[in-house]
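>>> Have a look at this prediction, sequence included:
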Amino acid sequence: MASELPTTFDRPVHIAVIGGTGLSRIPGYTPVAALDLTTPWGKPSSPILILEHGGVPIAFLSRHGAHHEIAPHEVPARANIAALRSIGVRSVIAFSAVGSLREEIKPMDFVIPDQIIDRTKGIRPFTFFEGGVVGHVGFADPFDAKLAQVVEKCAAAMKGDVTLHSEGVVVCMEGPQFSTRAESNMYRSWGGSVINMSALPEAKLAREAELAYQMICMATDYDCWRNTEGEDVDVAMVMKYMAANSENAKHLVGAVLDELAKNDNTDLVLAKHWEGSAQGAVKFMTKPEGRNPEAMKKVEFLFPGFWNE
Ligand SMILES: CSC[C@H]1O[C@H](OP(=O)(O)O)[C@H](O)[C@@H]1O
Ligand SMILES: Nc1ncnc2[nH]cnc12
């Protein structure tokens, strides 16, 4: 379908939804354009679809590709975030299918995480600032508390016996294999609430790109810590719960987009509270004589006019 759509869109798009496993589209939304973009970090996972929600354009990007052909460690996260920023996106709602590490987080429940434990192995490119331009952004709170508040306010939009948990620690593992039972128990002892393979480096790159970024996790399994016959996570289990849950994802995202469209939230959507944070982190680190022009050009793609100000 993407190939029959216009490949340009003439208005800035400030809000993006990133869809993950089992959510390569949002049910009920018809794309009006499909943008095939290239960035200095390559092409994004899939064409960026533009959807309309109540007259507001929304970008939708399928993290694992249109047909789930990209493994978690292969997701071109830098291209994804840079491409979204280049079309005007400043706020990102990112969905993720997760394993639950807590009894009270039942499959089908949603979690708005506020912390991450990094268990990736350093094999994924994880920064925009390298190769002759150094930057260190703050990451103490890896998600956006203001966006999280908006999502929490929309809990009532969900149907059925599901809970929206308003906080949680997401353990981001490397994968693509699932965890061992010993690892699963260790993550529980560390205070992990849920586990996925996708929160990083996406959240780090969003912070470097000065975007407001909030992940919404949808529990699909209890990983393997419960040690119950037939209950260890597998792909069929994840897909079954995701199919059952995609309607709720649609209800929740619809309510969140309604809320973000309100005038009161204009500054939040434009991520004014993150504006300039990377500038401070980059500009004063590498002295002009040490900066690599190629690396500077890449930063310029993210932040046009960066070096002139
Ligand atoms: C198919 S289970 C593992 C897979 O599911 C999650 O994907 P996403 O976060 O994109 O929804 C998890 O992170 C793994 O990539
Ligand atoms: N148990 C699990 N571990 C890692 N990623 C997941 N995504 C969904 N369930 C998962």
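Looks like it came in fine. Ligands and ions are numbered 1, 2, ... in the order given.
>>> who does the helix or strand containing residue 92 pair up with?
Here residue 92 sits within strand 91-100, counting by DSSP states H and E. Using DSSP bridges, the strands paired with strand 91-100 are strand 15-19 (parallel), strand 194-196 (antiparallel), strand 212-221 (parallel).
>>> need the next SSE after that strand, C-terminal direction.
Next helix or strand after strand 91-100 toward the C-terminus (DSSP H and E): strand 110-111.
>>> ok, back up a step: and the strands paired with strand 91-100 as JSON lines, adding distance to residue 174 and mean neighbour count?
From N, CA and C alone the C-beta is placed, and that goes for glycine too. Converted to JSON lines, the strands paired with strand 91-100 look like this (distance: least, Cβ to Cβ, whole Å; neighbours: other Cβ atoms under 10 Å):
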{"stretch": "strand 15-19", "distance to residue 174": "19", "mean neighbour count": "26"}
{"stretch": "strand 194-196", "distance to residue 174": "11", "mean neighbour count": "28"}
{"stretch": "strand 212-221", "distance to residue 174": "17", "mean neighbour count": "27"}
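>>> I'd like these as a markdown table, with mean pLDDT and distance to ligand 1 appended.
Formatted as a markdown table, those follow (pLDDT from 0 to 100; distance: least, Cβ to the nearest ligand atom, whole Å):
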| stretch | mean pLDDT | distance to ligand 1 |
| --- | --- | --- |
| strand 15-19 | 97 | 8 |
| strand 194-196 | 98 | 3 |
| strand 212-221 | 97 | 7 |
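>>> Save these as TSV, and put in distance to residue 40 too.
Shown next, in TSV, are those (distance: least, Cβ to Cβ, whole Å):
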stretch	distance to residue 40
strand 15-19	19
strand 194-196	27
strand 212-221	20
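>>> The residue in the chain positioned nearest to ligand 2 pairs with what?
The chain approaches ligand 2 most closely through residue 99 (2.3 Å), counting by Cβ to the nearest ligand atom. Counting by DSSP bridges, residue 99 is bridged to residue 195, residue 221.
>>> pretty sure it contacts residue 192?
No - if you go by Cβ atoms under 8 Å, residue 99 and residue 192 don't touch, sitting 9.6 Å apart.
>>> for the residue of the chain closest to ligand 2, what are its contacts?
Residue 99 is in contact with 178, 179, 184, 194, 195, 196, 219, 220, 221, 222, 223, 233, counting by Cβ atoms under 8 Å, 6 or more residues apart in numbering.
>>> Just say helix, strand or coil for residue 251.
helix (DSSP: H, G, I helix; E, B strand; the rest coil).
>>> What residue, apart from its backbone neighbours, is nearest it spatially?
Take residue 251 and drop its neighbours on the chain: the residue closest to it by Cβ to Cβ, 6 or more residues apart in numbering is residue 157, 4.5 Å away.
>>> and that neighbour, how many neighbours?
17 (other Cβ atoms under 10 Å).
>>> What of residue 160?
Per other Cβ under 10 Å, the neighbour tally for residue 160 reads 10.
>>> likewise the one 10 residues further on?
In terms of burial, residue 170 registers 26 neighbours under the definition other Cβ under 10 Å.
>>> List the contacts of it.
Counting by Cβ under 8 Å, 6+ apart, residue 170 touches 96, 98, 111, 113, 115-117, 192-196, 199, 215, 217.
>>> Now stretch 126-137: buried residues?
For stretch 126-137, burial by neighbour count (16 or more other Cβ atoms under 10 Å) applies to 126, 128, 129, 133, 135, 137.
>>> Excluding chain neighbours, give the residue nearest to residue 24 in space.
Counting by Cβ to Cβ, 6+ apart, the nearest residue to residue 24 once its immediate chain neighbours are dropped is residue 62, at 4.3 Å.
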